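Enquirer: kindly return the folded structure for what I paste below:
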Amino acid sequence: MSAYDVHIGKLISGRRDLEGGGSYFLCTPDKKIVEMDSLSSIDGIVVSATDVEDALYEFCIAALDVYAAEGNNKDVYTFSIYTDTYHGSYVIYINNLEGLNHSVEEALDYDRQQDLDSGDDHDTLAREQLYEEFKYAEADYAFMYEQMPERLEKWLSIFSCICMEEPRYLAIEQNYIFEKQLLDSQLFLIAIDVIHRLQHDLQRLHRTDDFIAYVSAADGVGGDFLTTSQLLRRCLSEEQL
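Expert: Residues are numbered from 1 along each chain as shown. Below is the predicted model of the structure:
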């Protein structure tokens with residue numbers, strides 16, 4: 001386990017506080033990023049965790065609207081907010097049993113072509129294994145929603161410039177001021193809060209009995225390890241775990 005895993009794990013589990021409280025990052029149209037300890041003398045758009053949460057919630061509601069309109073709202077077993085706290089991005093994934101079965105059958109067809117001698121026992125075993133592999137493999141889901149609200153997309157592009165220390169990529173027409181705490185992987189905590197906020201809205205989905213809604217971590221910021229060891233625990237009830 002890396003030092004990063006330990007540090008972020010303590011944050012998500014509530015064993016440490018966010019770092020950077022009371023400090024800010026000022027991003028300017030002339031492509032500068034400056035850390036400040038006060039907002040008193042600076043004009044600009046202040047971006048807080050509450051602002052990001054409201055925009056992310058709106059993004060999730062839009063994803064639910066689109067998913068329902070596509071006509072696949074049956075036997076839905078998962079809804080996830082894929083979160084990249086370094087590059088600054090959110091993606092919504094939804095899958096149902098039909099989509100899962102389709103992924104498994106496609107993989108089995110490919111395997112059969114590669115091994116024409118595989119028997120029924122092998123096929124049954126492979127099918128069970130593939131169900132486990134594909135069930136929460138977001139990259140294989142048919143539904144992926146990336147059309148963020150304009151303001152959220154704008155904020156996260158600026159956020160990325162701060163994280164990567166690349167002010168040359170700033171493309172803004174006015175000052176933006178970010179709470180420094182946002183840079184301490186707070187995007188995870190915001191997404192967790194949104195998952196809980198969505199509990200009523202998720203009832204619009206025709207869900208399976210084992211349906212779960214959760215936050216997942218991108219590769220490079222914890223990936224599957226962080227998702228299963230920490231994020232799921234903050235999103236699911238004891239019964240679901």
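Enquirer: can you give me the strands in this structure?
Expert: Along the chain, counting by DSSP state E, strands occupy 24-28, 32-36, 45-47, 76-84, 89-96, 143-145, 176-179, 207-217.
Enquirer: what's the neighbour count on residue 169?
Expert: Neighbour count of residue 169, defined by other C-beta atoms under 10 Å: 11. From N, CA and C alone the C-beta is placed, and that goes for glycine too.
Enquirer: for residue 47, see how far away it is.
Expert: For residue 169, the distance to residue 47 (C-beta to C-beta, to the nearest Å) stands at 17 Å.
Enquirer: bridge partners for the spatially most central residue of the chain, pull those for me.
Expert: Central residue of the chain (C-alpha atoms, centre = their mean): residue 82, 2.1 Å from the mean position. Going by DSSP bridges, residue 82 is paired in beta bridges with residue 91, residue 216.
Enquirer: reformat the strands of the chain as CSV; add mean pLDDT.
Expert: CSV is the format used below for those (pLDDT from 0 to 100):
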stretch, mean pLDDT
strand 24-28, 97
strand 32-36, 96
strand 45-47, 96
strand 76-84, 98
strand 89-96, 98
strand 143-145, 98
strand 176-179, 97
strand 207-217, 97
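Enquirer: counting by contacts, list what the longest helix along the chain packs against.
Expert: Scanning the chain for the helix with the most residues, using DSSP state H, yields helix 49-69. Applying 3 or more C-beta pairs under 8 Å, 6 or more residues apart in numbering; DSSP states H and E, one finds that helix 49-69 makes contact with strand 89-96, strand 143-145, helix 150-163, helix 186-197.
Enquirer: contact partners of that helix?
Expert: Helix 49-69 has contacts (C-beta atoms under 8 Å, 6 or more residues apart in numbering) with 73, 81, 90, 92, 94, 143, 145, 147-149, 151-152, 155, 179, 181-182, 186-187, 189-191, 193-194, 197-198, 201-202, 204-205.
Enquirer: ChimeraX command to pick out the buried ones of those?
Expert: Buried residues within the contacts of helix 49-69, by 16 or more other C-beta atoms under 10 Å, are selected in ChimeraX with:
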select :73,81,90,92,94,143,145,148,152,155,179,181,182,186,187,189,190,191,193,194,198,202,205
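Enquirer: look up the closest residue to residue 87, ignoring the ones flanking it.
Expert: Counting by C-beta to C-beta, 6 or more residues apart in numbering, residue 160 is the residue found nearest to residue 87 once chain neighbours are left out, at 5.3 Å.
Enquirer: OK, contacts around the one you found?
Expert: Per C-beta under 8 Å, 6+ apart, neighbours of residue 160: 86-89, 166, 169.
Enquirer: among these, which one has the most neighbours?
Expert: Neighbour max across those (other C-beta under 10 Å) = residue 88, 22 neighbours.
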